[in-house]
Structure formats: C-alpha cells, structure tokens
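Undergrad: A structural model of the following input is requested.
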Amino acid sequence: MTTLKQLSEHCRTGIEQDLIAVAATFGIAAPLKRTEQHGSLIDEEMVNFHSSLAIASGKPLANFVRLVRGQTAADPRPNKDMYELPRPKDPALHEAWGRWNDVVQNGASPEWLPNRPPRQTSRPRNHGPIYKPLPQVWRHIRKVGVVDKDDTDIRIIDDYSFPDGASINDFTDRSNLPVISYSPPGDIARRIFELRRQYSNARAYLRRPRAHVCIRHRWLACGFGWCGSLAWYFLPGTLINGLYEQTPCWTLANLRTLKGLFWCDDHTCIEPEDELRCFRANLVLRRAMTTVLGPSAINKRTFTEWSECGKALDLICDTRNGTVTIPKEKIMKAEL
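TA: Numbers count the residues shown, from 1 in each chain. Down below sits the predicted model:
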C-alpha cells in the first residue's frame, strides 16, 4: 500500500507541474497550495485556475480534460492510480481481465449505433435571453426524485434515458457492453444456509465493504444514468472478487477457500468464526481492491465491521438464525 501511495503522489505531482508549465505559456499563474480547506469542499481557486486555462488554451473539452488528467501518448491512463493486471489463473476471468486492462489504458469507450445524430461542429450560442429557447430547453429536462438512505443523506434517482428516443442510451450499442453476472440475493441466502449447516456450533460473520469505482473512466458524453454503467462496474468487481477467492486463507480447522459475493461496488463477505479467518479475509479483500483500483479504492466510511446481523443489497442478513429478510418498512411501502 505504501508503494502504491508513493507512486500515486509521484504521478500527481508530475501532472501538476506539467499543468503549471502549460498555464505559464498563457501567462496564467497557478494558485498557491493550501494545507487546509475550509467551508465548501470545492477548491474555488483551482476552479478559477482551470477555467482560465481552458478559455485561454481554446482546447475542446475532451482534450482539456486529458490535459488535466495527465493523459499523454506515452501514458494514456485516465487514472494514474491504476495499472494493468497480470493474467489471472482462472480462465473464467480472462475476458473481464482483457477488457479491464483496456479500460485502465484508455477508459470505457462506448460503441454507438450507426443512426446517431450528426456531430456538432460549432458551439451553440450562450448567455442569451432565457425566455426565447425555454420551450426547447424544457423538452430536454427530466424530472428527478430522491429516496432516503441509511444515513442523513438522500440519493437522487436519475437513472432513466431522456429525452425518450433521443438520449445517449438510445444511441448506445449495447451488444458491445460486458456481460453482467452478478450474485443475486439468493446466493447470499445460500451462503448463510451453507455455513449454518456446516458450522452449526460456530458463529458466522458478515461484512459489506464498498469500493470506490472510478467514474473518471467513463466517456464524457455518457454521464450519470448511462445504460452501460453497471456493465463496466462489473469488470473491476469480478476481478476483485476473483482475487479474493483465489488468495489462500486457510486455518488448521478450515481448509476451504474464501467465498465472495458482490453487486457493482458492494462486496459481501460471509465467513465462519475460525481462528483468524475473518481477520485475514479482511486483509485479503483490501489487498484485492487496491490491486485492481489503486490505493484510494477502499471506501472506509462504508467498510462495515464483522457482524452476525447486517444489511446486504438492502436485505437484513442474520447469520445466527440463518435468515435473509426484507425490512418491514420496505414491505409496508410496497403495500401502499
């Protein structure tokens, strides 16, 4: 982990120095580094710096983003924290491995249907009176909704293609997307049942960590709500899970390999209490996440502790009683 962080810092410093050098050619001074951020999480000085450089350089948006990311012909990686992975031993992972290494090098590039709209060759006029184009603008604005989460935050529901028949999703060639094979709730229930049957006198613990999946690898035109997001999320998820399951974690009383379950960026681990098995499983999963996604992959805020009762895929999993149930509030809401 230390080596990965040092490499990440080295790349970040190099990108900053190159960006400062480019800005200097346009007479733009870089902002002074600040050790502490107060108030808003948005660095206003850096925003102004990037805005001034974007205007002065006149680069198209995609090219300017590549400049900020440090993408060059020699190193086109959008995310410098990630590196190509060695070929996995499991043949079932070879296709995902090949496609993921391409994502690491070039990002997730969608394929388009042949009947897509023509490429826009000039920038539209901006900052005119809003009342004139308002009817056209309304046609391209969709309603959004919000739902409660476990904490005080809310989640915006914005997953539908819009406008109908003329959105990015409508012109995406879905035949090129990776094939999804996620573990459904039934697999979690079967895992709990299997451990209850094999280790009737031992406790089984559940843990649900989440990885930071790199949205920066998406094509700029796709944005949120793109139909291909889940398919591309599957690639790092299945490789992380493959590394987790293939890493030895044997104890004197248990020679079985680890069993992983995942959905997008959520990884559910259910293991029996056996010497240091749960402790080792935690280290194995963390190592797998950082191997695939880099040192910033582990989302510590959502890395839950080992527990006999917890939530997975919004279901209540009780390893002591061997049950997987739907929360009462979900049932009540469905009955309304």
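Undergrad: mean confidence for the strand of greatest length in the chain?
TA: Scanning the chain for the strand with the most residues, using DSSP state E, yields strand 266-272. Regarding strand 266-272, the rounded mean pLDDT is 88.
Undergrad: Touching, residue 191 and residue 261? I think so.
TA: Yes. Counting by CB atoms under 8 Å, residue 191 touches residue 261, with 6.5 Å between them. To be clear about C-beta, it is placed using only N, CA and C from the backbone, and glycine gets the same treatment.
Undergrad: which neighbours do the two share?
TA: residue 270 (CB atoms under 8 Å, 6 or more residues apart in numbering).
Undergrad: which helices and strands sit right next to the longest strand of the chain?
TA: Packed against strand 266-272 by the contact rule (3 or more CB pairs under 8 Å, 6 or more residues apart in numbering; DSSP states H and E) you find helix 185-198, strand 204-207, helix 229-246, strand 260-263, helix 277-293.
Undergrad: and residue 51, what pLDDT?
TA: Confidence score, pLDDT, at residue 51: 92.
Undergrad: all helices of the protein, in order?
TA: 2-25, 44-57, 61-69, 94-106, 134-139, 185-198, 229-246, 277-293, 328-335 (DSSP state H).
Undergrad: Which one of those has the poorest average confidence?
TA: Minimum mean pLDDT among the helices of the chain: helix 134-139, a mean of 72.
Undergrad: chain center to that helix: distance?
TA: Using CA atoms, centre = their mean, to the nearest Å, the mean C-alpha position of helix 134-139 is found 33 Å from that of the whole chain.
Undergrad: What residues of that helix count as buried?
TA: Going by neighbour count (16 or more other CB atoms under 10 Å), nothing in helix 134-139 comes out as buried.
Undergrad: and of the helices and strands packed on strand 266-272, who's closest to residue 16?
TA: helix 277-293 (22.0 Å; CB to CB).
Undergrad: Mind giving me the packing neighbours of the closest one?
TA: Using 3+ CB pairs under 8 Å, 6+ apart, helix 277-293 sits against strand 204-207, helix 229-246, strand 266-272.
Undergrad: Could I get these in TSV, plus columns for distance to residue 306 and mean neighbour count?
TA: Compiled in TSV, the helices and strands packed on helix 277-293 are given as follows (distance: least, CB to CB, whole Å; neighbours: other CB atoms under 10 Å):
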stretch	distance to residue 306	mean neighbour count
strand 204-207	4	23
helix 229-246	15	22
strand 266-272	8	23
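Undergrad: out of the helices and strands packed on strand 266-272, nearest to residue 167?
TA: Closest approach to residue 167 among the helices and strands packed on strand 266-272 (CB to CB): helix 229-246, 13.9 Å.
Undergrad: re earlier: please identify the deepest-packed of the helices of the chain.
TA: Of those, the one with the most neighbours on average (mean count of other CB atoms under 10 Å) is helix 229-246, at a mean of 22.
Undergrad: could you give the angle of that one to strand 266-272?
TA: Here helix 229-246 runs at an angle of 30 degrees relative to strand 266-272 (axes from the mean of the first three to the mean of the last three CA atoms, to 10 degrees).
Undergrad: Pull out the CA atoms of helix 229-246 and give them to me as PDB.
TA: Output in PDB follows, covering the C-alpha atoms of helix 229-246 (Å, rounded to 0.1, in the frame of the first residue of the first chain):
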ATOM      1  CA  SER A 229     -22.500   1.900 -16.200                       C
ATOM      2  CA  LEU A 230     -23.400  -1.400 -14.500                       C
ATOM      3  CA  ALA A 231     -21.700  -3.500 -17.100                       C
ATOM      4  CA  TRP A 232     -18.500  -1.600 -16.800                       C
ATOM      5  CA  TYR A 233     -18.800  -1.600 -12.900                       C
ATOM      6  CA  PHE A 234     -18.900  -5.400 -13.200                       C
ATOM      7  CA  LEU A 235     -15.400  -5.700 -14.600                       C
ATOM      8  CA  PRO A 236     -13.400  -4.400 -11.500                       C
ATOM      9  CA  GLY A 237     -16.000  -6.100  -9.300                       C
ATOM     10  CA  THR A 238     -15.500  -9.600 -10.700                       C
ATOM     11  CA  LEU A 239     -11.700  -9.200 -10.800                       C
ATOM     12  CA  ILE A 240     -11.600  -8.000  -7.100                       C
ATOM     13  CA  ASN A 241     -13.900 -11.000  -6.200                       C
ATOM     14  CA  GLY A 242     -11.600 -13.300  -8.200                       C
ATOM     15  CA  LEU A 243      -8.500 -12.200  -6.400                       C
ATOM     16  CA  TYR A 244     -10.400 -12.500  -3.000                       C
ATOM     17  CA  GLU A 245     -11.500 -16.100  -3.700                       C
ATOM     18  CA  GLN A 246      -8.100 -17.300  -5.100                       C
END
